[in-house]
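Novice: could you look at this predicted model? Sequence included:
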Amino acid sequence: MPKRISIEPHLSLSELEQRYRQAKDVVERSHYQIIWLLASGKSSQEVSEVTGYSPSWIYELVWGYNRIGPESLGDKRHEHQGADTLLNDIQQAQLWQALQSPPLEGGFWNGQKVANWMSELLGHSVSRQRGWEYLKAMKLRLRVPRPSHQEADVFEQEEWKKKLATTVNQVQEEHPGAEVEVWTMDEQTLEDSLTLRYRVGLKPIIRRIWVDEWTVPVASVYWRKVCRTENSVRRALRFKWLWLYGFVHPQSGETYWWILPFVNTEIFNQVLIDFAQHFNLGENKYVVLTLDQAGWHTAGKLKIPKGIHIVEMPSHSPELQPCRKVVATHK
């Protein structure tokens, strides 16, 4: 027969059973169940079959209970608070305050610069990884800034936002039973390049930076055209151009695309007609469409189909155009 294990009488049999049945922690409950069953006369093999614990582990549990008592039972991991944090509450508040301004080294905050700041505060070296961890712990995230033109008029942009909201309300009041959505569109070039010596637009490299979760970063850029070909004839012969017309519904992320060889008022008229037909605009659905002030968007020959209401964006305001980034991503 399997050897029966003796249990020291730290607690009576009824007390062991009571603690087993009243235990809320799963580990603690299993421990008291094992000791109670052994104290009731069950063999280690029988207890192993009932609880699922191995006999060797049961022996270790009994060894601790017999020498220490009930204090040895339960999940002791709950008592381990872990190591002290690298920064206390006051130091974390100081770090948060520091993150509200550019780092002393210049540029933007990153894991290494936060680690450097922490090293100076604590008086010992801190790894780059710990700096990254504190950026994440403070609910900061990496985001690519939206481009912002140096000649943008912030007041004009804010007034445009109010105008857009007013237009949407007016369209809804005029058509109370219809669905009204706000869409935006933009065009970008798609080039089939045979040489790398020509670029349209000197586009700065915009990297992700750390910001809090409710902030949309903005990067100030200066747009200009650069031509590095020997002459314009060579450029015209060695490049084939297409235009990507992109429509985006910012609220849902739905998109609609055209790829065409030119941009002009005649083609844009056809695109608007197809857009209105594709989404059945006119009676039960209306779209407030935001556009930049490109010549073919504002020409007198522009024919706006029923169901579309155009709201022109202020000049030099790429950050107001959510379609711009989406179109560039699909190039």
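Specialist: Good, I have the coordinates.
Novice: surely residue 103 touches residue 120?
Specialist: No. If you go by Cβ atoms under 8 Å, residue 103 and residue 120 don't touch, sitting 11.5 Å apart. C-beta here means a position set from N, CA and C on the backbone, and glycine is covered the same way.
Novice: of these two, who's got more company?
Specialist: Legend: neighbour count by other Cβ atoms under 10 Å for residue 103 and residue 120, higher for residue 103 (16 against 11).
Novice: looking at this, the more buried one is in a strand?
Specialist: No. Applying DSSP: H, G, I helix; E, B strand; the rest coil, one finds residue 103 to be coil, outside a strand.
Novice: residue contacts, it?
Specialist: Contacts for residue 103 (Cβ atoms under 8 Å, 6 or more residues apart in numbering) come out as 109, 113, 117.
Novice: count of residues packed around residue 282?
Specialist: So residue 282, with other Cβ under 10 Å, has 14 neighbours.
Novice: quick revisit: looking at the contacts of residue 103, which are in helices?
Specialist: When DSSP state H is applied, these are split such that 113, 117 fall in helices.
Novice: could you point out which element follows the helix or strand harbouring residue 135?
Specialist: Residue 135 belongs to helix 128-137 when assigned by DSSP states H and E. Sequence order places strand 140-143 as the next helix or strand after helix 128-137, per DSSP H and E.
Novice: please enumerate residues in contact with that following strand?
Specialist: 99, 208-213, 216-217.
Novice: just to revisit the earlier point, dump the contacts of residue 103 to TSV, plus pLDDT, distance to residue 279 and neighbour count.
Specialist: Putting these into TSV (pLDDT from 0 to 100; distance: Cβ to Cβ, whole Å; neighbours: other Cβ atoms under 10 Å) gives the following:
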residue	pLDDT	distance to residue 279	neighbour count
109	92	43	20
113	94	48	22
117	95	52	21
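Novice: tell me the helix or strand right after the host helix or strand of residue 286.
Specialist: Element membership of residue 286 [criterion: DSSP H and E] is strand 285-291. Downstream of strand 285-291, the first helix or strand assigned by DSSP H and E is helix 295-298.
Novice: kindly calculate the angle that the next helix or strand after that following helix makes with strand 285-291.
Specialist: Moving toward the C-terminus from helix 295-298, the next helix or strand (DSSP H and E) is strand 308-312. Per axes from the mean of the first three to the mean of the last three Cα atoms, to 10 degrees, the angle that strand 308-312 makes with strand 285-291 is 20 degrees.
Novice: give me the buried positions along strand 308-312.
Specialist: Residues 308-311 are the ones in strand 308-312 that count as buried (16 or more other Cβ atoms under 10 Å).
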